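>>> the following comprises the amino acid sequence and a computationally predicted model.
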Amino acid sequence: MSPRRRRKGDDDLLVAFGGLVVVGLVLVKVGQWVRAHWWILLVIGLVMLVVLAAGVHQRVDRMSRARRRVEGLTYSLGQLDAMHHSVFEGAVRDLLARDGAHDALRCGGRGDLGADVKGHDPLGRLWVIQCKHRSKGPAGSAVGTPDLQTLNGTGRPVHGGDVVVLVTNGRISAPARDFALQQRLHLVDRQVLEQWAQGRRPLWEILPSVPPPRRHPRVQ
């Protein structure tokens with residue numbers, strides 16, 4: 001090894017040793033400060049616990065208020081017909097939550113990729129729902145195959161849905177019904193929507209051929 005490299009190695013060792021000494025001195029000073037001001041750390045810890053407890057309480061309170069809001073919720077077809085399409089999506093979300101999907105979420109809007117409402121039922125199945133509101137109800141245009149093709153292309157591959165559903169307060173064309181049957185899509189037309197919105201039975205008890213649950217039911 002050349003003298004220059006040897007000197008550089010010695011210099012690096014000295015720098016490293018000096019750094020360790022500085023770190024050691026800092027740790028000693030920190031330890032001394034902690035021993036002298038332990039009560040400050042205690043106060044900080046208590047404040048953090050209070051903030052955490054307050055956050056948990058607020059979250060539980062929001063969930064409790066959300067459950068009370070949807071308990072016993074019903075809609076008439078007239079109410080649903082009179083809604084704006086975005087309000088209709090919110091109503092579908094609330095009906096799903098009423099049935100026990102406590103994570104029901106309205107996600108409709110630009111870039112929703114065919115899903116307006118999503119949520120897990122008490123048996124663990126993820127429901128992916130596309131809403132088609134018709135302001136004229138049954139007098140409006142029928143939901144056609146192109147709408148279902150969009151839902152079919154994203155409901156399972158993109159959103160990972162176990163149950164993929166189209167909900168409308170209007171009509172569904174015969175070709176669309178055939179396509180839904182072929183692709184294992186579930187349809188909630190005006191008649192089924194009335195039964196769901198005005199009754200007390202969850203949607204998974206109304207629709208036929210719903211996939212089996214992912215897990216055993218929760219014990220109430």
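Arrived safely, thanks for sending. Numbers count the residues shown, from 1 in each chain.
>>> show me what counts as buried in whichever helix or strand residue 197 is part of.
Per DSSP states H and E: residue 197 is located in helix 190-198. By 16 or more other Cβ atoms under 10 Å, the buried positions in helix 190-198 come out as 190, 192-194, 196-197. Bear in mind the C-beta positions are built from the backbone N, C-alpha and C, glycine included.
>>> now the end-to-end length of stretch 130-143.
11 Å (Cα to Cα, to the nearest Å).
>>> sorry, slip of the keys, the one I care about is stretch 164-175.
Taking Cα to Cα, stretch 164-175 runs 18 Å from one end to the other.
>>> neighbouring contacts of that stretch?
77, 80-81, 88, 92, 127-134, 136-138, 140-145, 147-148, 151-152, 155-156, 180, 184-190, 193, 203, 207 (Cβ atoms under 8 Å, 6 or more residues apart in numbering).
>>> just the ones of those in strands?
Among the contacts of stretch 164-175, the residues falling in strands (DSSP state E) are 127-132, 186-188.
>>> among those residues, which pair sits farthest apart?
127 and 132 (16.0 Å; Cβ to Cβ).
>>> what about those two, which has more around it?
Just comparing residue 127 and residue 132: by other Cβ atoms under 10 Å the higher neighbour count belongs to residue 127, 25 against 22.
>>> how much space separates the nearest residue to residue 188 once chain neighbours are set aside from residue 189?
Using Cβ to Cβ, 6 or more residues apart in numbering and skipping residues adjacent in sequence, the residue nearest residue 188 is residue 167, 4.2 Å away. Distance, residue 167 to residue 189, using Cβ to Cβ, to the nearest Å: 9 Å.
>>> neighbour count winner among those two?
residue 167 (28 against 18).
>>> what domains does the record give for this protein?
If you go by automatic domain parsing, the domain ranges for the chain are 3-69, 74-206.
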